[in-house]
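Student: structure of the sequence below:
(one chain, ligands or ions: 1)
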Amino acid sequence: MKRIGILTSGGDAPGMNAAIRSVVRTAIYNDIEVMGIRRGYNGLINGDIIPLDVSSVADIIHRGGTILHTARSKEFMTEEGLDMAMNILEVFKIDGLVVIGGDGSLRGAQKLSEKGIKTIGIPGTIDNDVACTDFTIGFDTAVNTALDAIAKIRDTSTSHERTNIIEVMGRNSGDIALLAGLAGGADYVIVPEKELNIDEICKEILKGKNRGKLHSIVVLAEGAGGAYEVGKQIQIKTGIETRTTILGYIQRGGSPTAFDRILASRMASMAIELLMGGKTSRTVCIQNNKLIDLDIDDALSYKKQFDEKSYKLVEILSI
Ligand code: ATP
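Tutor: The predicted structure is shown next:
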């Protein structure tokens with residue numbers, strides 16, 4: 001392997017830069033040249049490609065976002081788009097590709113592999129919705145960002161003796177809500193994996209009030225329903241002033257946590273080892289604190305297991 005390409009695709013996530021840095025430096029350490037493909041698969045089709053050296057990735061390990069930018073590309077998903085991508089890879093003499101992104105991006109890497117280029121995927125998304133891996137790059141940072149916000153809202157919630165609903169991201173996954181809720185001492189978490197039961201939530205809030213609690217915190221995952229509507233119903237049913245905060249895009253930015261930087265550095269370095277070993281259509285994952293690689297097809301057929309124990313623990317600890 002003489003020259004590889006790297007791209008980031010789908011939604012950005014803190015830690016993507018740490019992964020890019022590790023790909024570039026591990027490759028150069030092993031005498032492999034690296035080309036940075038900008039703007040995901042869109043940039044691949046358009047030949048938006050720059051050489052990356054050791055200095056190109058200096059001073060980025062602590063930065064959120066992705067220096068290569070990211071995009072979604074409908075064109076790439078067509079047969080013509082894939083052929084255009086293969087053509088560009090040939091023109092730039094790229095014989096291996098590392099793709100950092102969510103499951104859609106990994107599927108793209110698998111499609112390219114079928115066309116004959118060696119590809120390795122790295123799961124990067126704040127949503128933690130790539131089922132084959134216990135953690136995706138960016139998830140831990142997003143949980144910590146949400147936790148920081150919960151702590152601040154908790155202060156004002158206590159002063160005014162209110163109920164506060166905090167909506168966090170996660171698409172169809174309740175993982176950010178669940179872990180930020182557990183760490184933030186939430187009274188209730190509302191996740192798409194569990195049926196929404198407003199009466200049950202109100203019962204818990206009133207139980208807390210009766211034993212002298214000054215406030216209630218409810219963390220809601222974006223995929224579980226409209227936060228404002230839930231807040232309105234809770235206020236009507238409990239008679240307690242209820243405020244809603246939607247955290248939004250602050251969860252996608254910020255300096256990655258140590259966990260995300262380490263995960264990204266380790267996963268990306270392993271991606272290069274896999275390419276050097278002649279592997280293709282594999283994705284790096286972390287399972288039970290061990291890095292492994294799986295065939296992308298197999299990896300994408302995993303079904304996400306909801307963390308029932310942590311969900312129950314939120315309930316136990318909010319008595
Ligand atoms: P996130 O979870 O952050 O949204 P993602 O990687 O799942 O990340 P997608 O929009 O699903 O985000 O995928 C990113 C890009 O990957 C798409 O715009 C498309 O170019 C490519 N892609 C997605 N699915 C496929 C597919 N089935 N075949 C080929 N390419 C795909």
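Student: list the buried residues in stretch 50-62.
Tutor: For stretch 50-62, burial by neighbour count (16 or more other C-beta atoms under 10 Å) applies to 52, 57, 60-61. C-betas here are computed from N, CA, C, even on glycine.
Student: need the strands for the stretch 1-150 of the chain, in chain order.
Tutor: 3-8, 33-37, 49-52, 96-101, 118-123 (DSSP state E, counting those that start in this stretch).
Student: rewinding a little: and the buried residues of stretch 50-62, which is closest to the ligand?
Tutor: The ligand lies nearest to residue 60 out of those, by C-beta to the nearest ligand atom, at 19.6 Å.
Student: just to check, the closest one is in contact with residue 17?
Tutor: Yes - the pair residue 60 and residue 17 qualifies as a contact (C-beta atoms under 8 Å) at a distance of 4.2 Å.
Student: shared neighbours, the two?
Tutor: Counting by C-beta atoms under 8 Å, 6 or more residues apart in numbering, the contacts common to residue 60 and residue 17 are residue 67.
Student: residues in contact with the closest residue in space to residue 206 that isn't next to it in sequence?
Tutor: Spatial nearest neighbour of residue 206, excluding adjacent residues (C-beta to C-beta, 6 or more residues apart in numbering): residue 238 at 5.7 Å. Contacts for residue 238 (C-beta under 8 Å, 6+ apart) come out as 163, 202, 205-206, 209.
Student: please apply the same query to residue 284.
Tutor: 120-123, 267, 270-271, 274, 291-293.
Student: among those residues, name the buried ones.
Tutor: 120-123, 267, 270-271, 274, 293.
Student: turn those into JSON lines, including distance to residue 79 and pLDDT.
Tutor: Below are the buried ones among the contacts of residue 284 laid out as JSON lines (distance: C-beta to C-beta, whole Å; pLDDT from 0 to 100):
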{"residue": "120", "distance to residue 79": "23", "pLDDT": "98"}
{"residue": "121", "distance to residue 79": "21", "pLDDT": "98"}
{"residue": "122", "distance to residue 79": "26", "pLDDT": "98"}
{"residue": "123", "distance to residue 79": "26", "pLDDT": "98"}
{"residue": "267", "distance to residue 79": "30", "pLDDT": "98"}
{"residue": "270", "distance to residue 79": "31", "pLDDT": "98"}
{"residue": "271", "distance to residue 79": "27", "pLDDT": "98"}
{"residue": "274", "distance to residue 79": "27", "pLDDT": "98"}
{"residue": "293", "distance to residue 79": "28", "pLDDT": "98"}
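Student: where exactly do the strands run in the stretch 151-300 of the chain?
Tutor: Counting by DSSP E, counting those that start in this stretch, the stretch 151-300 of the chain has strands at residues 163-168, 188-190, 216-221, 242-246, 282-287, 290-295.
Student: near the ligand at all, the fifth one?
Tutor: Translated: strand 282-287. No - looking at strand 282-287 against the ligand by C-beta under 6 Å from any ligand atom, there are no contacts, and the closest approach is 11.7 Å.
Student: ok, and for the helix ranked longest in the chain, which residues are buried?
Tutor: When the chain is parsed with DSSP state H, its longest helix is helix 139-160. Across helix 139-160, burial judged by 16+ other C-beta under 10 Å covers 139-147, 149-150, 153-154, 157.
Student: follow-up on the earlier one: pLDDT and distance to the ligand for the buried residues of stretch 50-62 - can I get that in CSV?
Tutor: CSV is the format used below for those (pLDDT from 0 to 100; distance: C-beta to the nearest ligand atom, whole Å):
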residue, pLDDT, distance to the ligand
52, 98, 21
57, 98, 22
60, 98, 20
61, 98, 21
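Student: returning to that earlier point: with distance to residue 76 added, can I get the strands of the stretch 1-150 of the chain in a markdown table?
Tutor: Formatted as a markdown table, the strands of the stretch 1-150 of the chain follow (distance: least, C-beta to C-beta, whole Å):
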| stretch | distance to residue 76 |
| --- | --- |
| strand 3-8 | 11 |
| strand 33-37 | 12 |
| strand 49-52 | 15 |
| strand 96-101 | 11 |
| strand 118-123 | 13 |
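Student: ok, which of those strands comes nearest residue 285?
Tutor: Residue 285 sits nearest to strand 118-123 of all the strands of the stretch 1-150 of the chain, at 6.8 Å, using C-beta to C-beta.
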